[in-house]
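[1] please work out how this folds:
(2 chains)
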Amino acid sequence: MTAGDAPTSLAPQAAGEGLAADVRLRRGGFTLDVDLAVPPGGTLALLGPNGSGKSTVLGVLAGLLVPDTGTVVWRGRTLTRAPDLLVPPAERRIGLLGQEPLLFPHLSVLDNVAFGPRSRRLPDAAARATRWLERLGVAHLAQRRPRGLSGGQAARVALARALAAEPEVLLLDEPLASLDAVAAPELRHLLAETLRDAGLTTVLVSHDVLDAALVADHVAVLREGRVVEHGPRAEVLGAPRTEFTAAFVGVNLVPVGFGGLRPAAGPPAAAVARLRFRPAAVTVSEQRPGGDNTWETTVRWLEPATGGVRVRLATPGQPDVLADVDAAALGHLRPGARVWAHVPAESVQALGRGEQAACESPT
Amino acid sequence: MTGAHDAERARQRLPLGVLVPAVLGLVLLVVPLLALLPRVDWSTLPATLLSPTARDAVWLSVRTAAAAVVCCLALGVPLALLIARASPRVAAVLRAVVTLPLVLPPLVGGVALLSVVGRTGLLGGVLDTLGVTVAFTPWAIVLAQTFVAMPFLVIALEGSLRAVGARYEAVAATLGARRLTVLRRVTLPLVAPGLLAGVVLAFTRAIGEFGATALVAGNRPGVTQTVPMAIYTAYNGTGVARDTALALSLLLVAVALVILLLVPAARRREAL
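    Modelled structure (predicted):
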């Protein structure tokens, strides 16, 4: 992918054929103001911290919430035109799979999965349900009650139930959030596989970048009810353009001039607005190292990271910088310690002023 | 193992300042009912309960209480749904209104009902021209029982509806179920335990109803004399004998106790 071919949002014609929501909604002190689109068959990952409005967006798409203004359109058909719910949830064919499986406790696993086909009066509801249970590897649980299922089993049954209703759009609201460390990766891969096979238009809400990387082809980042970034996955995750997204996906993004940093290559210096580098490229030492691209800073805190420790470095008046260091090399790094940070010039990437970020492949 | 068990026991042991009043409270509630037992003439009990007066009263009570429960279900279930889905402010007002008959003296309820269906009441004239008489008929008993029993059903059911929440209903809707289907296949089955509790409370309250019934239905043997009325009459020394009062009282206590003990057992079984 090159810098020129990806606009910040999806092409309007794609939005018109797929799922598009342009809505505003106030609830107490919270305001949601989003304009999102997913092309037919595409998967959009909606990322953001808790309280950023991700689940509210899903509620609006499913027809469970009515926005104050705006519209929701699916394949050219207007589903919601505020303040009217033109098409009720039951007639939208938009499935919703939430954080909790919410299996109906009074129905067997089979009847849970057959609930959708029966409600839609599809023929052979039980046979359809059985097929989905088989496909998700839980057919042996058909006669059980939801009460006795493990978290992973319940999540599979809930996914089977959502898919058996034959939705055209599937909304996933952190479906892995309630699973333990063993069940979550298993289901993550099953989900990715199933979504690919089913060819559904999907919106996946997550605060986990991995979910997005695995299943989504487009990513939107939500912050305090607003979309701060929206584009192809590789672009948003690999080359974030806002500090917020950068912090979210674990990449450093600083204004030009920060710490006297210079990139090894890139646009002419006058055109450079921001600099980007990975936490792994940063080295932290207690003595001043020689050479350029070095600045003095303070350790704010330490947190665990894969294979080592992530150090958050605070520089007054500047965004925090993340550095990944070996646990063995940690030395006397403690919160409050004065240290020196260094990034090799070839690891610093320059971002042009006001233009699209130069893309790199996601890792 | 034993140690952990003992520790748990120790944690649960209550201070004497709690234990003593708790036992006194239990004594206050139970001893008067137990005191009925020695006064009952056990040799004549079957005959007393099978006497025409007693039989009529029991049969009338069972029929009217059953009818009242049906009325409570037909009106109370929709009312509970309305309150559970109303905005918090509206729900608070509705809940207060529904709870009123529960805290008012039933006699006040009787007076109020009479001022609606009595001959000079709000609807008395209309009912008269239609040739319908409610006051001092068995219908008045059903009306009075429904009036006092419905709050129990509505409050119990509304609590269940709130606890279940709207989340299952939302899932059902996204699976393609229309509102009535959601109500029939999801909401009502989920609140079945609450509904059962409500029905039981309403029935026991209806069958024991006295104050409102006395005013709006009167106390005609064989027509509007329910079990509580028969007990009252017997104790006043007119009509049935005092033995009948004791026997019928014992019957009401036994029926209520059996129902109250059976319901939790049924709910436990359902939970499995």
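
[2] what residues are up against residue A:296?
    By CB atoms under 8 Å, 6 or more residues apart in numbering or on different chains, the contact list for residue A:296 reads A:288, A:338, A:339, A:340, A:341. Glycine gets a C-beta too; all of them are placed from N, C-alpha and C.

[3] kindly report the same for residue B:209.
    Taking CB under 8 Å, 6+ apart as the criterion, residue B:209 is in contact with B:65, B:106, B:141, B:144, B:145, B:148, B:149, B:226, B:228.

[4] and the helix or strand containing the third one, what does it pack onto?
    The one in question is residue B:141. Element membership of residue B:141, judged by DSSP states H and E, is helix B:138-164. Contact partners of helix B:138-164 among helices and strands, from 3 or more CB pairs under 8 Å, 6 or more residues apart in numbering or on different chains; DSSP states H and E: helix B:52-85, helix B:88-103, helix B:106-117, helix B:192-207, helix B:211-217.

[5] may I have the helix or strand immediately after it in the chain exported as CSV, CA atoms only?
    Heading C-terminal from helix B:138-164, the first helix or strand you meet, by DSSP H and E, is helix B:167-174. Output of helix B:167-174 as CSV, limited to C-alpha atoms (Å, rounded to 0.1, in the frame of the first residue of the first chain):
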residue,chain,number,x,y,z
ARG,B,167,-30.5,-7.8,27.8
TYR,B,168,-32.0,-11.2,26.9
GLU,B,169,-34.8,-9.4,25.2
ALA,B,170,-32.4,-7.4,23.1
VAL,B,171,-30.6,-10.6,22.1
ALA,B,172,-33.9,-12.2,21.1
ALA,B,173,-34.8,-9.2,19.0
THR,B,174,-31.5,-9.3,17.1
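
[6] residue 94: neighbour count?
    In the absence of a named chain, chain A is used. 26 (other CB atoms under 10 Å in any protein chain shown).

[7] chain B is the one I meant
    Here the number of neighbours of residue B:94 (other CB under 10 Å) works out to 18.

[8] before we move on, the earlier item: quick check, nearest of the contacts of residue A:296 to residue B:171?
    Residue B:171 lies nearest to residue A:341 out of the contacts of residue A:296, by CB to CB, at 49.3 Å.

[9] where's the closest one, which helix or strand?
    Assignment of secondary structure by DSSP H and E places residue A:341 within strand A:338-342.

[10] note down every partner strand of the helix or strand just after that strand and its orientation.
    Using DSSP H and E, the next helix or strand after strand A:338-342 towards the C-terminus is strand A:349-352. Under the criterion DSSP bridges, strand A:349-352 sits next to strand A:272-277 (antiparallel) in its sheet.

[11] next SSE downstream of the partner strand?
    Moving toward the C-terminus from strand A:272-277, the next element (DSSP H and E) is strand A:283-285.

[12] buried residues in the next helix or strand after that following strand?
    Elements were assigned by DSSP H and E; along the chain past strand A:283-285, the next helix or strand is strand A:294-305. For strand A:294-305, the buried set under the neighbour-count rule, 16 or more other CB atoms under 10 Å in any protein chain shown, comprises A:294, A:295, A:297, A:299, A:302, A:305.

[13] near chain B, which residues of chain A show up?
    Where proximity means CB under 8 Å from any CB of the partner chain, the interface of chain A facing chain B comprises A:62-64, A:88-96, A:98, A:100, A:102, A:104-106, A:115-116, A:119-120, A:161-162, A:165, A:167, A:171.

[14] now the buried members of the residues you listed.
    For the residues of chain A next to chain B, a burial check counting by 16+ other CB under 10 Å picks out A:62-64, A:89-90, A:92-96, A:98, A:100, A:102, A:104, A:106, A:115-116, A:119-120, A:161-162, A:165, A:167, A:171.

[15] quick check: residues of chain B near chain A?
    Where proximity means CB under 8 Å from any CB, the interface of chain B facing chain A comprises B:167-168, B:170-179, B:181, B:185-186, B:189-190, B:192.

[16] circling back to that earlier point, need the worst-confidence member of the buried residues of strand A:294-305.
    Within those, the minimum per-residue pLDDT falls on residue A:305 (74).

[17] what's the spacing between the residue lying closest to it once chain neighbours are set aside and residue A:262?
    Leaving out its chain neighbours, the residue that sits closest to residue A:305 by CB to CB, 6 or more residues apart in numbering or on different chains is residue A:324, at 5.3 Å. Spatial separation of residue A:324 from residue A:262 under the definition CB to CB, to the nearest Å is 22 Å.

[18] mind checking which of the two has more residues around it?
    For residue A:324 versus residue A:262, neighbours defined as other CB under 10 Å are more numerous around residue A:324 (19 against 16).

[19] phi, psi for residue A:85 please.
    phi -90, psi 100 (degrees, to the nearest 10).

[20] once you drop chain neighbours, what's closest to it?
    In space, and not counting its chain neighbours, residue A:85 is closest to residue A:66: 5.3 Å by CB to CB, 6+ apart.

[21] coming back round to it: relative to residue A:218, which of the contacts of residue B:209 is nearest.
    Looking at the contacts of residue B:209 and their distance to residue A:218, the nearest is residue B:149, at 58.2 Å (CB to CB).

[22] what sits against that closest one?
    Neighbour list for residue B:149: B:68, B:69, B:72, B:201, B:202, B:203, B:205, B:206, B:209 [criterion: CB under 8 Å, 6+ apart].

[23] pretty sure the fifth one is touching residue B:150, no?
    Yes. Residue B:202 sits in contact with residue B:150 when judged by CB atoms under 8 Å, with a separation of 6.8 Å.

[24] what residues are shared contacts of the two?
    By CB under 8 Å, 6+ apart, the residues touching both residue B:202 and residue B:150 are B:72, B:76.

[25] the spatially most central residue of chain A pairs with what?
    Note on chain A: the residue nearest the mean C-alpha position is residue A:47, at 3.2 Å, using CA atoms, centre = their mean. With DSSP bridges applied, residue A:47 shows beta-bridge pairing to residue A:206, residue A:221.
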